[in-house]
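Whatever this is, show me its structure:
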Amino acid sequence: MKNKIFFGSALVAFCSLAFYMTNINRIKMTKIEVYNGNTTKVTQHKQSKKSVNKAPAPKKSVKKTVKKKTTSKLTIASGSNKKIVKDIKKQLADQDENYQVSFLDLDKPNDFARVANNNKASLQAKSSLKFYLLLAYENAVKSKKIIANYSYKIKSSDQLKSKDKMLQTGLQYSYTYIRDMMINQDSDVAANILLNKIGRKQVNKVAKKFGATNTEITGKFGSKNIGQTSAYDMTKVMKSLYQGKVLGVMHDTRIIGYLIGSKNKKLTAKISGRSYSISGPSGGVALVEVNGKNYALACINEKADFNYESLGEAVNSAVHKR
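Down below sits the predicted model:
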């Protein structure tokens with residue numbers, strides 16, 4: 001009996017010792033956190049060699065490359081109308097492609113605005129150069145070098161890659177009709193026929209004679225490089241036409257009248273009222289007569305998708321708010 005009691009006491013003592021050793025080990029692995037000095041929260045953590053000894057790896061800094069937007073310095077002609085300049089600048093804000101804009105009041109000689117983001121005398125132009133060809137055409141009609149109602153037979157060599165359906169090979173058309181196709185349908189075939197008839201040198205000579213000093217046609221219409229002009233050249237010539245100082249009142253009035261049927265309005269597309277214009281992918285010129293306000297506006301722009309319509313509308317609005 002004594003042996004049983006001794007054995008039982010020994011077993012209890014052994015279990016108590018094991019329980020005590022287990023608790024000691026658990027406490028060593030325990031993190032004690034005290035909150036507000038009142039309660040104690042005990043959280044057990046399993047230790048591992050990885051979590052204790054290894055420090056977190058520093059984050060690699062990634063350099064972000066930000067592209068700086070280049071903005072060209074503006075060139076504003078001295079004496080320019082500040083209100084017109086302000087509206088022009090809004091329409092062309094932050095544009096890097098070369099542009100020129102010219103505004104001339106046709107009744108007030110000192111009311112103008114010229115804005116550009118470059119110092120170039122002229123820029124590349126396309127269909128808008130037909131304006132000078134039209135001038136040279138009317139000059140040839142006046143001097144009888146072209147008889148407007150005479151016919152011209154279209155040759156296969158006149159056609160471009162995309163054949164002109166309004167000027168079919170083998171058929172004859174009057175020069176009046178060919179002129180109208182050049183303006184009303186923006187036909188490059190018609191323009192080249194007149195350019196060949198008059199001569200490129202003669203067209204450039206006429207353009208310079210009447211104020212387009214920075215203008216030159218160097219290639220054929222429909223080609224990549226046709227020639228150059230400036231916005232100021234275009235407004236100068238338009239103002240002279242309005243005043244009847246180019247070929248005389250009768251012929252100048254005719255030239256302006258031809259422009260009323262122009263296919264590409266662009267600068268005047270959002271203007272309600274009477275206007276005359278000729279435009280193309282790289283710009284154009286317009287004469288506007290609205291509510292007693294008469295002015296010439298031209299823009300040459302190397303940006304492919306520039307919104308000429310909004311520029312024309314903005315300038316027109318500024319003119320009528322003065």
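
low-scoring stretches of this protein, by residue?
For the chain, the stretches flagged by pLDDT under 70 are 1-72.

Repeat the analysis, applying 50 as the threshold.
For the chain, the stretches with pLDDT under 50 are 1-8, 11-13, 15, 17, 19-20, 23-24, 26-27, 30-52, 66-70.

how does it divide into domains?
For the chain, automatic domain parsing gives the domain ranges 2-52, 75-321.

Tally up the residues packed near residue 156, please.
Neighbour count for residue 156, taken as other Cβ atoms under 10 Å: 8. Using the backbone N, CA and C atoms, a C-beta is placed for each residue, glycine as well.

Find the nearest non-adjacent residue to residue 150, please.
residue 175 (6.1 Å; Cβ to Cβ, 6 or more residues apart in numbering).

ok, back up a step: which of the domains of the chain is buried the deepest?
Most buried of the domains of the chain, by mean neighbour count (mean count of other Cβ atoms under 10 Å): domain 75-321, with a mean of 19.

residues contacting residue 153?
Applying Cβ atoms under 8 Å, 6 or more residues apart in numbering to residue 153 gives the contacts 170, 171, 172.

Out of those, which comes closest to residue 311?
Distance to residue 311 across those (Cβ to Cβ) is lowest for residue 171, with 39.6 Å.

show me the contacts for that closest one.
Contacts here follow Cβ under 8 Å, 6+ apart; on that basis residue 171 touches 153, 154.

could you measure it against residue 108, distance?
According to Cβ to Cβ, to the nearest Å, residue 171 and residue 108 sit 49 Å apart.

Could you do residue 160 as well?
Residue 160 is 43 Å from residue 108, by Cβ to Cβ.

Residue 221 belongs to a helix?
No - if the criterion is DSSP: H, G, I helix; E, B strand; the rest coil, then residue 221 is coil and not within a helix.

didn't it look like it was pressed against residue 127?
Yes - counting by Cβ atoms under 8 Å, residue 221 does reach residue 127; the two are 7.5 Å apart.

show me where the stretch 151-300 of the chain has helices.
Remark: helices assigned in the stretch 151-300 of the chain by DSSP state H, counting those that start in this stretch are 175-184, 188-198, 200-209, 231-242, 249-258.

Out of the ones you listed, which gets nearest to residue 77?
Residue 77 sits nearest to helix 231-242 of all the helices of the stretch 151-300 of the chain, at 8.3 Å, using Cβ to Cβ.

just the angle between the closest one and helix 200-209, please?
80 degrees (axes from the mean of the first three to the mean of the last three Cα atoms, to 10 degrees).

which residues touch helix 231-242?
For helix 231-242, the external contacting residues (Cβ under 8 Å, 6+ apart) are 100-104, 106, 114, 116, 122, 128, 131-132, 135, 207, 210-215, 246, 252, 255-256, 283-287, 294, 296-300.

quick one: stretch 198-217 to chain centroid distance?
The gap between where stretch 198-217 is centred and where its chain is centred comes out at 28 Å by Cα atoms, centre = their mean, to the nearest Å.

Residue 176 - nearest residue in space that isn't next to it in sequence?
Using Cβ to Cβ, 6+ apart, the nearest residue to residue 176 is residue 148, at 4.7 Å.

what kind of secondary structure is the one you found in?
Assignment for residue 148 (three-state DSSP): coil.

who touches it in this structure?
141, 174, 175, 176, 179.

Mind putting those residues into TSV with distance to residue 319?
Shown next, in TSV, are these (distance: Cβ to Cβ, whole Å):
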residue	distance to residue 319
141	33
174	39
175	37
176	34
179	31
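
Which two of those residues have the greatest separation?
Maximum pairwise distance among the contacts of residue 148 (Cβ to Cβ): 11.9 Å, between 141 and 174.

Now do the strands in this structure.
Assigned by DSSP state E, the strands in the chain fall at 30-35, 39-44, 75-76, 99-105, 112-116, 123-125, 151-153, 172-174, 216-217, 227-229, 274-280, 283-290, 293-301.

I'd like those as JSON lines, with distance to residue 264 appended.
Shown next, in JSON lines, are those (distance: least, Cβ to Cβ, whole Å):
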{"stretch": "strand 30-35", "distance to residue 264": "79"}
{"stretch": "strand 39-44", "distance to residue 264": "79"}
{"stretch": "strand 75-76", "distance to residue 264": "27"}
{"stretch": "strand 99-105", "distance to residue 264": "18"}
{"stretch": "strand 112-116", "distance to residue 264": "22"}
{"stretch": "strand 123-125", "distance to residue 264": "13"}
{"stretch": "strand 151-153", "distance to residue 264": "24"}
{"stretch": "strand 172-174", "distance to residue 264": "22"}
{"stretch": "strand 216-217", "distance to residue 264": "18"}
{"stretch": "strand 227-229", "distance to residue 264": "16"}
{"stretch": "strand 274-280", "distance to residue 264": "4"}
{"stretch": "strand 283-290", "distance to residue 264": "7"}
{"stretch": "strand 293-301", "distance to residue 264": "13"}
